[in-house]
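S.K.: everything below, folded, please.
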Amino acid sequence: MKRSVSKLSCTLLLILGSVFCGFAQETKRNDRPQSGTTQGGERDKKPANPNRYFYEFKQPEFYISHIVIEHDALGRGKISFERKGGQDPAVEPVEVSSTALGRILDLWTELRFLDSNQSYQASKSFAHLGTYKLGMDDGRRKRSTEFNWSNNTAAWKLAQEYRRVADQAIFVFEITVARENQPLNAPNLMTQLESLYRRNGLSDPRQLIPLLKEMRTAEHIPLIARNQADRLLKKIEK
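M.R.: Predicted coordinates for the structure are as follows:
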């Protein structure tokens, strides 16, 4: 009888030993970091592009006398602008559309801006039309340059691209204020927007589609402004 109990005890010990051994191995496997993740549990990420881009326009006699745009490599940043005789500048977030950003970054690349010390100022001066300033910072190097007229095609196109970004962002700001506080200003602002659209003065008209859809049904603004929004929306969506 004692010999049978002894054999049974040995058998139970072997079974329990196998169970604990298997549990320990499974726990060890589950504690191992998953493929493609760090030990902190986050997936490896590529470092963000550190480039920052700057644009400035100044002409004290213009209605919009001072504009500054700064953004990152994804087109996200802010715009500030001042009106002639105004007080504090308006500061608003800005996001350049992927379409416009592609054109802008191509022009920066064409200029090889940080590798160059070229002056973009033409021999003739047109200071009465305003002064442009372009700048770039990649975290290690920084450069900026000013001109009021340029024979460098890429530099001039780049300044005009930023002016389109500014004009579109300023319209969005002013029409938002009008809708909230001064609805009678909406028709004049829509006339200005139609003019910008006709002369290719907008950075990316399709960014305005959600806003125009809201405006064409906004009963608190004049009917003429709603009709203008509907007319422009149809042109953009063609």
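S.K.: where's the most centrally placed residue in the chain relative to residue 98, distance?
M.R.: Closest to where the C-alpha atoms of the chain average out (Cα atoms, centre = their mean) is residue 76, at 2.4 Å. Counting by Cβ to Cβ, to the nearest Å, the gap from residue 76 to residue 98 is 11 Å. Every residue, glycine included, has its C-beta placed from N, CA and C.
S.K.: residues near residue 238, how many?
M.R.: By other Cβ atoms under 10 Å, 4 other residues sit near residue 238.
S.K.: same question for residue 189.
M.R.: 19.
S.K.: same question, the one 5 residues further on
M.R.: The burial count assigned to residue 194 is 15, neighbours taken as other Cβ under 10 Å.
S.K.: if we can go back for a sec, what's the nearest residue to the residue nearest to the centre of the chain if we skip its chain neighbours?
M.R.: residue 95 (5.2 Å; Cβ to Cβ, 6 or more residues apart in numbering).
S.K.: so who does the one you found touch?
M.R.: Residue 95 makes contacts with 75, 76, 77, as judged by Cβ atoms under 8 Å, 6 or more residues apart in numbering.
S.K.: show me those residues that map onto strands.
M.R.: 76, 77 (DSSP state E).
S.K.: a markdown table for the contacts of residue 95, including distance to residue 87 and pLDDT?
M.R.: Listed next are the contacts of residue 95 as a markdown table, based on distance: Cβ to Cβ, whole Å; pLDDT from 0 to 100:
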| residue | distance to residue 87 | pLDDT |
| --- | --- | --- |
| 75 | 29 | 97 |
| 76 | 27 | 97 |
| 77 | 23 | 98 |
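S.K.: just put the contacts of residue 95 in a markdown table and tack on distance to residue 49.
M.R.: Formatted as a markdown table, the contacts of residue 95 follow (distance: Cβ to Cβ, whole Å):
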| residue | distance to residue 49 |
| --- | --- |
| 75 | 11 |
| 76 | 12 |
| 77 | 13 |
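S.K.: who's in contact with residue 83?
M.R.: By Cβ under 8 Å, 6+ apart, the contact set of residue 83 is 63, 64, 65.
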